[in-house]
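Participant: fold the following and give me the result.
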Amino acid sequence: MSETQEINTGRSEDQKVRKEYPPYNDAALQRYVNDLGQRLAKASHRAGLQYQFLVVDSRQVNAFALPGGYIYITRGILSYLNSEAELAAVLGHEIGHVTARHSVQQISAATAANVGASVLQILVPQVRNAAGDLLVNVLGNALLSGYGREHELEADRLGAEYLARTGYDPQAMIKVVGALKDQELFDAEVAKAEGREPRAYHGLFASHPDNDTRLQEVVREAGKFSSAENRINREEFLKYVDRMIFADSPQQGIVRDNALYHPELGLVLQFPADWRVRNNAQNVVAVSPQQNALIDLRSAGRAEGLPADMLRKLLKLGTGSTVSPLTIGGLPAAVTEVTRSGKPTRVAVVFLGDSAYAIGMQASSVAIFRQHGAAMDAAMNSFHAITEQERAVAKPLRLRVITARAGMTFAGLAGTSPLGRFAEGHLRVINGLYPSGEPVAGQALKIVE
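Facilitator: Numbers count the residues shown, from 1 in each chain. Sure thing, here's the model as predicted:
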């Protein structure tokens with residue numbers, strides 16, 4: 001792939017990224033991240049590319065790069081960083097992937113192997129995971145792997161060099177690996193308690209053990225490019241993440257006690273209490289504890305005609321198929337039962353104002369569908385227009401930066417935190433003090449309100 005093709009690919013895929021991951025609505029934070037990224041890019045081996053850096057509105061802990069210099073960082077990962085140097089390490093790592101053309105190599109390899117996946121599915125793990133679509137390939141098959149360990153180490157080496165060349169301490173690369181490892185360990189602890197699989201970040205730490213000597217070597221080697229400055233800029237960074245949304249955003253819906261409250265779309269749906277809910281950009285999926293059934297809610301576009309007509313069109317059903325009109329939450333709807341990928345599936349279309357929504361329910365077998373049928377139907381029938389009282393529940397959590405007082409502890413802060421059962425661990429992780437350590441009087445500290 002030539003550089004021109006690389007740039008064109010990045011430009012084209014950027015539009016798809018923005019649809020999957022909308023930009024986070026904070027102009028000051030966007031400028032701050034872009035300015036920092038541009039300084040790092042000027043120190044890179046491909047300084048002539050027109051780099052773009054974007055904070056995307058996602059709670060996922062992630063950062064990724066497309067060909068041609070398009071680099072994205074989630075507000076989710078920003079919550080777990082504690083200095084400008086750490087932010088620079090994440091951006092520098094992704095610039096390293098661009099300068100080494102890792103994404104180009106991955107796309108070329110997938111094309112050569114005739115793998116039927118989009119560029120985004122090849123490069124962005126969350127899009128790959130979401131590709132297990134309810135109406136296409138639900139309950140998952142093996143997906144494409146991310147960057148290999150050698151590519152990750154090369155991106156670390158290049159990123160550490162760019163840090164040093166721009167006046168930041170290259171040791172921030174190791175600091176970030178440690179911080180994200182702590183986040184991974186904490187999420188594994190929570191996942192075990194919740195009976196779900198841990199979430200994983202694809203890049204910076206995915207292939208590194210904590211004491212990876214090769215990572216330490218490449219970071220140490222980058223020290224030869226360092227100036228005497230070695231900036232950290234903790235206070236500057238914290239200024240920009242103060243009041244940033246934490247976890248779910250109103251634009252993508254707020255999940256509280258397994259209920260989805262979506263003030264932007266004006267809807268509510270209560271998923272089964274013990275199911276694991278994943279709020280994606282394009283859909284919300286709840287998976288049973290045994291991971292053998294799911295419920296999928298997504299937009300079906302503009303409401304046109306009757307719900308039954310839209311349902312037939314959505315599923316490409318023949319005229320002989322049975323589609324039953326009904327009312328869900330006082331709203332016009334229709335439901336049908338089909339088989340998709342050999343699995344029993346029930347799909348409803350509901351009209352809410354000018355919009356249509358599809359609620360899909362699927363299980364791994366007919367027997368399993370019967371087992372979960374009542375819970376899935378209850379979820380489907382819970383769909384309704386949001387009330388004013390429910391809108392009050394749908395206010396997002398936000399990071400706040402405070403000054404620690406003498407005697408302040410994470411256990412004490414957890415007692416008044418809205419983060420619930422695992423509040424102390426959350427607060428420790430976002431402040432880089434997991435699993436032990438306490439706030440120091442006078443120290444800037446992140447809490448969640």
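
Participant: low-confidence stretches in this structure?
Facilitator: 104, 106-147, 200-211, 228 (pLDDT under 70).

Participant: give me the most central residue, it.
Facilitator: If you average the C-alpha coordinates of the chain and look for the closest C-alpha using Cα atoms, centre = their mean, you land on Gln60, 2.4 Å from that point.

Participant: can I assume that residue is in contact with Ile73?
Facilitator: No. At 10.6 Å, Gln60 and Ile73 do not qualify as touching, with contact defined as Cβ atoms under 8 Å. C-beta coordinates here come from the backbone N, C-alpha and C atoms, glycine included.

Participant: quick one: the residue nearest to the centre of the chain from Arg220, how far?
Facilitator: Distance check for Gln60 against Arg220: by Cβ to Cβ, to the nearest Å, it reads 31 Å.

Participant: do the same with Ala164
Facilitator: Counting by Cβ to Cβ, the gap from Ala164 to Arg220 is 11 Å.

Participant: with Glu86 instead?
Facilitator: Taken as Cβ to Cβ, the spacing of Glu86 relative to Arg220 amounts to 18 Å.

Participant: ditto for Ala47
Facilitator: Remark: distance between Ala47 and Arg220 (Cβ to Cβ) = 25 Å.

Participant: one more: Ala100?
Facilitator: Noted for Ala100: a distance of 20 Å to Arg220, by Cβ to Cβ.

Participant: quick one, which of these two is more surrounded?
Facilitator: Here Ala100 and Arg220 are compared on neighbour count by other Cβ atoms under 10 Å; more neighbours surround Ala100, at 18 against 13.

Participant: I figured the more buried one hits Leu158, correct?
Facilitator: Yes. Taking contact to mean Cβ under 8 Å, the distance of 6.4 Å between Ala100 and Leu158 places them in contact.

Participant: secondary structure class for the residue of the chain most remote from its centre?
Facilitator: Ranked by distance from the centre of the chain (Cα atoms, centre = their mean), the top residue is Gly320, with 41.1 Å. Secondary structure state of Gly320, per DSSP: H, G, I helix; E, B strand; the rest coil, is coil.

Participant: how much space separates it from Leu306?
Facilitator: For Gly320, the distance to Leu306 - Cβ to Cβ - is 18 Å.

Participant: same check on Pro250?
Facilitator: Look at Pro250 and Leu306: by Cβ to Cβ, they are 31 Å apart.

Participant: so what touches whichever strand or helix holds Gly412?
Facilitator: For Gly412, the enclosing helix or strand under DSSP states H and E is helix 410-415. Outside helix 410-415, the residues within contact range by Cβ atoms under 8 Å, 6 or more residues apart in numbering are 423-424, 427-428, 431, 433, 438-439, 447.

Participant: can I get that helix in PDB? Just the C-alpha atoms.
Facilitator: Presented in PDB, the C-alpha positions along helix 410-415 are these (Å, rounded to 0.1, in the frame of the first residue of the first chain):
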ATOM      1  CA  PHE A 410     -10.100   6.000  49.900                       C
ATOM      2  CA  ALA A 411     -12.500   3.900  52.100                       C
ATOM      3  CA  GLY A 412     -13.900   7.100  53.500                       C
ATOM      4  CA  LEU A 413     -14.300   8.600  50.000                       C
ATOM      5  CA  ALA A 414     -16.000   5.400  48.800                       C
ATOM      6  CA  GLY A 415     -18.600   5.700  51.500                       C
END
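
Participant: quick one: name whatever helix or strand follows that helix.
Facilitator: The first helix or strand that comes after helix 410-415 along the chain, using DSSP H and E, is helix 423-430.

Participant: for the stretch 1-150 of the chain, which segments count as strands?
Facilitator: With DSSP state E, counting those that start in this stretch, the ranges of strands along the stretch 1-150 of the chain come out as 52-56, 63-66, 70-74.

Participant: quickly compare these and say which is most buried.
Facilitator: Ranked by average neighbour count under the criterion mean count of other Cβ atoms under 10 Å, those are headed by strand 63-66 at a mean of 26.

Participant: partners of it, with directions?
Facilitator: Listed by DSSP bridges, the sheet partners of strand 63-66 and their directions read strand 70-74 (antiparallel).

Participant: what inclination does the strand it pairs with have with respect to strand 52-56?
Facilitator: Angle of strand 70-74 versus strand 52-56, following axes from the mean of the first three to the mean of the last three Cα atoms, to 10 degrees, is 20 degrees.

Participant: can you give me phi and psi for the residue lying closest to Arg302 once chain neighbours are set aside?
Facilitator: By the measure of Cβ to Cβ, 6 or more residues apart in numbering, the closest residue to Arg302 outside its immediate chain neighbours is Asp354, 6.1 Å from it. Listed backbone geometry of Asp354 is phi -90, psi 0, with angles given as degrees, to the nearest 10.

Participant: same question for the one 10 residues further on.
Facilitator: With angles defined as degrees, to the nearest 10, Ser364 sits at phi -80, psi -20.

Participant: for Tyr261, helix, strand, or coil?
Facilitator: Using three-state DSSP, the structure places Tyr261 in strand.

Participant: distance of it from Ala392?
Facilitator: In this structure, Tyr261 lies at 9 Å from Ala392, with Cβ to Cβ as the measure.

Participant: what about the residue nearest to Gly301 when sequence neighbours are not counted, which SS state?
Facilitator: Nearest-residue entry for Gly301: Ala356, 5.8 Å, with adjacent residues in sequence omitted and distances by Cβ to Cβ, 6+ apart. With three-state DSSP as the basis, Ala356 sits in strand.

Participant: tally of neighbours for Ala356?
Facilitator: For Ala356, the tally of surrounding residues (other Cβ under 10 Å) stands at 22.
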